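Engineer: Using only what follows, build the 3D model:
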Amino acid sequence: MKDANSGLGDGHESGMHKVLKVKDLTAMGIAAVIGAGIFSTIGEASFHGGPGVSVLFIITAITCGFSALCYAEFASRVPVSGSAYTYSYVTFGELAAWVIGWSLILEYAIGNIAVAISWSGYFNNLLNGLGIGFPEWLTNNYDSASPELMAAAPHIFGIPVILNLPAFIVVVLVTYLAYVGIRESKRSANFMVGLKILVILFVIVVGFFYVNPANWSPFMPNGFSGVLKGVSAVFFAYIGFDAVSTTAEECANPQRDLPKGMIYSLIICTVLYILISFVLTGMVPFTELKVADPLAFVFDQVQMPWISYIISVSAVIATTSVLLVFQIGQPRIWMSMSRDGLLPRKFSKIHPRFKTPSFSTIITGIIVGVPALFLNLTIVTDLTSIGTLFAFILVCGGVLMLPPQEKSHEKRFRMPYINSQYIVPMVLIGTALVFHKEILQRLSMAEGWNVWKHNIPFFLFVIVAAITMVVSYLRKLSLIPVLGMLSCFYLMTEIALKNWIVFTVWLIAGLAIYFLYSYSHSKLKKS
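Structural biologist: Next up, the predicted model:
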């Protein structure tokens, strides 16, 4: 097992400002989680699950909670930047850590492209409501531009100029904020979080006065299977709480405060999500909620457009805070990878004045900002989810490989040990008995290869679950990380096969970079 301070830095030698406390970390977690999910994907999930989507938020929160506890265990033992990358390095070694670091690019950098494009949409709606705005050719992309727009746009050498300029501008501004220092980013994140929570609470309180309880019946109109159809949308709403762990070296007391920040933010966001889901499904029938802006939509339906405008403002603020937190997180992962020699040394350079990983921050801004100018990435949300879930699985698995903590009087988080020997087999066997018809139907090849191939991820899950059940019984593994691994793997099976294929190609490209550059430059290899 690798020493946590070997090649990774210990926080005291990094030269970074140690200014973050529990309230700052909690605010950062909320800033990352409450974004496009609560303002858009919650409508899609409600359309499928009806009022029962509130149950799905609880299930997903529990799943994320298992992972959060595992992150918290690592954060208390390995208080350095890098998040899941660092934790995987400590437990699984360099190659697995590289794979995780490469996967996290999907969550932070690539995911932020979609967030920037989403921000642009909300921002343009606000400007249009004021009677001003950018020309359409400056707020669009080649994928979705109509033939009329192509013809009307300016042309350079016969090529129409179509850009999403607002998306690029907000990435530049947020990257600058992340570049100039954690203090400035902390103040901005805290302000945006406070403002959007006030708006969301206002929406919940006002919305309950317009709830028609009859809309909550039936509670699960499409059954539990209908509720589960919203898994991807609901999980995407939770992505980001782990970004808190990337700021370990800027925490005043990371071993105590990082776990609290992650867990507090997850609890607060879950409560808000559940209340919002009840308001949405109570104000209008669930069948009307398949819209891009469900919160604004329901208030338009009750003739209160001024609240819709407030919600649009809040959506802009919410997505800005997500951009900020992810633009802070990605450079710190690259910084950790650079310290280990897996990326060029320049990626770990700390700015002498601002005390931030300056080069990594600039590169992150370029990787997010330039594609946001041109692309309309419909696959990004699923890719972000699958990359994040993969990281969660390895973090949970990593906790199982950690040695028991020695007893001490030091105040830091310690994940409780619960023997999984009998619980995991009982849970898995009980689930199989209850849902045996659905399981057999998914594994059946009666409908042919073209249908069955989409259930390959679920088939892999069944194999992994069976192996885990046996190992848990024989080795008496800790229950929380085992449940975290299984629940995250199951959520991955709900993501379309095409995204698994793209994710596999992404991993192969990452492995090529590792063997062509990182392996020969690794500090571990040279030591």
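Engineer: need the helix or strand of the chain with the lowest average pLDDT.
Structural biologist: helix 36 (a mean of 63; mean pLDDT, DSSP states H and E).
Engineer: nearest residue to the most centrally placed residue in the chain other than its sequence neighbours?
Structural biologist: In the chain, the C-alpha closest to the average C-alpha coordinate belongs to residue 239, at a distance of 2.1 Å (C-alpha atoms, centre = their mean). Of all residues not flanking residue 239 in the chain, residue 388 sits nearest, at 5.3 Å (C-beta to C-beta, 6 or more residues apart in numbering). Just so you know, the C-beta spots here come from the backbone N, C-alpha and C atoms, and that holds for glycine as well.
Engineer: What about residue 524, how many residues nearby?
Structural biologist: Per other C-beta atoms under 10 Å, the neighbour tally for residue 524 reads 16.
Engineer: quick one: it is in a helix?
Structural biologist: Yes - secondary structure of residue 524 (DSSP: H, G, I helix; E, B strand; the rest coil): part of a helix.
Engineer: Surely residue 213 and residue 283 touch.
Structural biologist: No - using C-beta atoms under 8 Å, residue 213 is not in contact with residue 283; the gap is 11.0 Å.
Engineer: With neighbour numbers in mind, choose between the two.
Structural biologist: residue 283 (23 against 7).
Engineer: Per-residue pLDDT of that one, please?
Structural biologist: Here the pLDDT value assigned to residue 283 is 89.
Engineer: same deal with residue 301?
Structural biologist: 84.
Engineer: quick one, strands of the stretch 151-300 of the chain?
Structural biologist: Assigned strands in the stretch 151-300 of the chain, in chain order: 155-156, 159-160 (criterion: DSSP state E, counting those that start in this stretch).
Engineer: ok, back up a step: next one: the residue nearest to the centre of the chain relative to residue 327, how far apart?
Structural biologist: Using C-beta to C-beta, to the nearest Å, residue 239 is found at 15 Å from residue 327.
Engineer: for residue 250, same thing?
Structural biologist: Taking C-beta to C-beta, one finds residue 250 at 14 Å from residue 327.
Engineer: same check, this time on residue 370
Structural biologist: For residue 370 relative to residue 327 (C-beta to C-beta), the value is 14 Å.
Engineer: Please say which of those two ends up with more neighbours.
Structural biologist: More neighbours surround residue 327 than the other of residue 370 and residue 327, with 28 against 13 (other C-beta under 10 Å).
Engineer: List the residues that contact the residue lying closest to that one once chain neighbours are set aside.
Structural biologist: Distances taken as C-beta to C-beta, 6+ apart put residue 178 closest to residue 327, at 4.5 Å, once the chain neighbours are dropped. Residues in contact with residue 178 (C-beta atoms under 8 Å, 6 or more residues apart in numbering) are 185, 324, 327, 328, 331, 356, 361, 364.
Engineer: at 7 Å what do you get?
Structural biologist: 185, 324, 327, 328, 356, 361 (C-beta atoms under 7 Å, 6 or more residues apart in numbering).
Engineer: Neighbour-wise, give me the winner out of those.
Structural biologist: residue 328 (30 neighbours).
Engineer: which residue packs closest to that one, ignoring adjacent ones?
Structural biologist: Going by C-beta to C-beta, 6+ apart, residue 328 has residue 178 as its nearest residue, at 5.0 Å.
Engineer: All the helices of the stretch 301-450 of the chain, in order from the start?
Structural biologist: 305-339, 358-374, 380-400, 423-434, 436-443, 449-452 (DSSP state H, counting those that start in this stretch).
Engineer: Go through the fourth one and flag the buried ones.
Structural biologist: Going by neighbour count (16 or more other C-beta atoms under 10 Å), the buried part of helix 423-434 is 424, 427, 428.
Engineer: Contacts for stretch 481-496 next, please.
Structural biologist: 63, 66-67, 70, 228, 231-232, 235, 382, 385-386, 389, 392-393, 396-397, 399-400, 420, 424, 457-458, 461, 464-465, 468, 472.
Engineer: before we move on, the earlier item: which strands and helices sit next to the helix or strand just after the least confident helix or strand of the chain?
Structural biologist: Per DSSP states H and E, the first helix or strand lying C-terminal to helix 36 is helix 42-49. With contacts taken as 3 or more C-beta pairs under 7 Å, 6 or more residues apart in numbering; DSSP states H and E, helix 42-49 sits against helix 53-77, helix 223-228, helix 231-238, helix 254-283, helix 294-301.
Engineer: taking the mean pLDDT, what do you get for helix 42-49?
Structural biologist: Per-residue pLDDT values across helix 42-49 average out to 80.
Engineer: Next: stretch 228-243.
Structural biologist: 73.
Engineer: What of stretch 263-272?
Structural biologist: Per-residue scores along stretch 263-272 average to 88.
Engineer: Also stretch 463-476?
Structural biologist: Averaged over stretch 463-476, pLDDT sits at 92.
Engineer: pretty sure residue 113 contacts residue 371?
Structural biologist: Yes - Residue 113 lies in contact with residue 371 (C-beta atoms under 7 Å); the separation is 5.1 Å.
Engineer: excluding its backbone neighbours, what's nearest residue 61?
Structural biologist: That would be residue 270: by C-beta to C-beta, 6+ apart, it lies 4.0 Å from residue 61.
Engineer: Same check on residue 285?
Structural biologist: Residue 285 sits nearest to residue 215 (C-beta to C-beta, 6+ apart), 5.6 Å away.
Engineer: Measure how buried the one you found is and give me the count.
Structural biologist: When neighbours are defined as other C-beta under 10 Å, residue 215 has 17 of them.
Engineer: Contacts only, for it.
Structural biologist: By C-beta under 7 Å, 6+ apart, the contact set of residue 215 is 281, 282, 284, 285.
Engineer: who's in contact with the third one?
Structural biologist: Neighbouring residues of residue 284 by C-beta under 7 Å, 6+ apart: 215, 298, 301.
Engineer: gap between it and residue 56?
Structural biologist: From residue 284 to residue 56 the distance is 19 Å (C-beta to C-beta).
Engineer: again, but for the first one
Structural biologist: When distance is defined by C-beta to C-beta, residue 281 is 12 Å away from residue 56.
Engineer: circling back to that earlier point, okay, the helices of the stretch 301-450 of the chain in CSV with mean pLDDT and distance to residue 137 next?
Structural biologist: What follows is the helices of the stretch 301-450 of the chain, written out as CSV (pLDDT from 0 to 100; distance: least, C-beta to C-beta, whole Å):
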stretch, mean pLDDT, distance to residue 137
helix 305-339, 82, 22
helix 358-374, 89, 12
helix 380-400, 83, 23
helix 423-434, 89, 53
helix 436-443, 80, 46
helix 449-452, 78, 41
